[in-house]
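Trainee: show me the folded form of this:
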Amino acid sequence: MEEVRIPKHVGIILDGNRRWAKKSGLDTLKGHQKGSEVFKEISLHLFDKGVEFVSGYIFSTENWQRKAEEVDYLMRLVIKAVEMHLDEYHKKGIKIKILGTRENLKPNILKAIERTESKTAENTNGTLALCFNYGGHQEVVDAVNSANTYGEFTEKIIKDNLYASEVPNIDLLVRTSGEQRLSGFMMWRAQYAELFFEQKLWPEVTVDDSDMWLDEYNNRNRRFGG
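Mentor: Alright, predicted model coming up:
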């Protein structure tokens, strides 16, 4: 019997929350709330299937350009969602890492990040990487600035100074809502990611859909340029 290949790292660009809310006749903010609930369900399912790292694009540095009301809600939602689901992830042995710049974040957000990462730091059953206040270019710039080397920069030096450098390259990268672009998501780690563009809006995604992503990955032939 042929062995089933499970991706070590699944990255997800959670797109379509606002469109789902509009389609459903709901306030935009309700779309983000529903999206956070779906992300918890999908991420835990992926861990149960054997995925070791699940990353999600939660809030990009470009999202600051949205209306102040929406930005404020997203910030509060992150704290609420993390604190509401933290114990569940912790009981399952999932480590949580927040990837992104800490600039412009309020003290209560920073405390929530510190509390979450500290509580789950010793967990070993999987890692949830939340890209929050994250930009792909900014990550590389911050890595170079953190390297503090007077010698020649190498790929290893940059890799070792990425946010949460223990998070490996993406094996399977999924974007929902039918959009077919990466929007700067984990640019360094996505070099040889298998791409899957899901037509459903993020709040419509089910665990059956995520199983289909894994099946698609298993059927692909990864050559890494060879």
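
Trainee: so Leu128 bridges to which residues?
Mentor: Val54, Ile96 (DSSP bridges).

Trainee: hmm, which helix or strand of this protein has the shakiest average pLDDT?
Mentor: For the chain, counting by mean pLDDT, DSSP states H and E, helix 68-91 ranks last in confidence among helices and strands (a mean of 83).

Trainee: what packs against it?
Mentor: helix 28-48, strand 53-60, strand 94-99, helix 107-120 (3 or more Cβ pairs under 8 Å, 6 or more residues apart in numbering; DSSP states H and E). (C-beta placed from N, C-alpha, C; glycine too.)

Trainee: any chance of those in JSON lines with distance to Val78, mean pLDDT and mean neighbour count as columns?
Mentor: Shown next, in JSON lines, are those (distance: least, Cβ to Cβ, whole Å; pLDDT from 0 to 100; neighbours: other Cβ atoms under 10 Å):
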{"stretch": "helix 28-48", "distance to Val78": "8", "mean pLDDT": "93", "mean neighbour count": "19"}
{"stretch": "strand 53-60", "distance to Val78": "7", "mean pLDDT": "92", "mean neighbour count": "24"}
{"stretch": "strand 94-99", "distance to Val78": "9", "mean pLDDT": "96", "mean neighbour count": "22"}
{"stretch": "helix 107-120", "distance to Val78": "7", "mean pLDDT": "92", "mean neighbour count": "15"}
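
Trainee: out of these, flag the one nearest Val205.
Mentor: Evaluated over those, closeness to Val205 peaks at helix 28-48, with 5.8 Å, by Cβ to Cβ.

Trainee: check the offset of that closest one from the chain's centre.
Mentor: 11 Å (Cα atoms, centre = their mean, to the nearest Å).

Trainee: next, the angle strand 94-99 makes with it.
Mentor: 130 degrees (axes from the mean of the first three to the mean of the last three Cα atoms, to 10 degrees).

Trainee: CA atoms only for helix 28-48 - export them in PDB, please.
Mentor: Coordinates of each C-alpha in helix 28-48 appear next as PDB, following Å, rounded to 0.1, in the frame of the first residue of the first chain:
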ATOM      1  CA  THR A  28     -18.400  43.000   7.900                       C
ATOM      2  CA  LEU A  29     -17.200  42.400  11.400                       C
ATOM      3  CA  LYS A  30     -19.300  39.300  11.700                       C
ATOM      4  CA  GLY A  31     -17.300  37.900   8.800                       C
ATOM      5  CA  HIS A  32     -14.100  38.200  10.700                       C
ATOM      6  CA  GLN A  33     -15.700  36.500  13.800                       C
ATOM      7  CA  LYS A  34     -16.900  33.600  11.800                       C
ATOM      8  CA  GLY A  35     -13.500  33.300  10.100                       C
ATOM      9  CA  SER A  36     -11.700  33.000  13.400                       C
ATOM     10  CA  GLU A  37     -14.000  30.200  14.500                       C
ATOM     11  CA  VAL A  38     -13.400  28.300  11.200                       C
ATOM     12  CA  PHE A  39      -9.700  28.800  11.500                       C
ATOM     13  CA  LYS A  40      -9.700  27.100  14.900                       C
ATOM     14  CA  GLU A  41     -11.700  24.200  13.600                       C
ATOM     15  CA  ILE A  42      -9.500  23.700  10.400                       C
ATOM     16  CA  SER A  43      -6.200  24.100  12.200                       C
ATOM     17  CA  LEU A  44      -7.000  21.600  14.900                       C
ATOM     18  CA  HIS A  45      -8.200  19.100  12.200                       C
ATOM     19  CA  LEU A  46      -5.000  19.500  10.300                       C
ATOM     20  CA  PHE A  47      -3.000  18.800  13.400                       C
ATOM     21  CA  ASP A  48      -5.100  15.700  14.000                       C
END
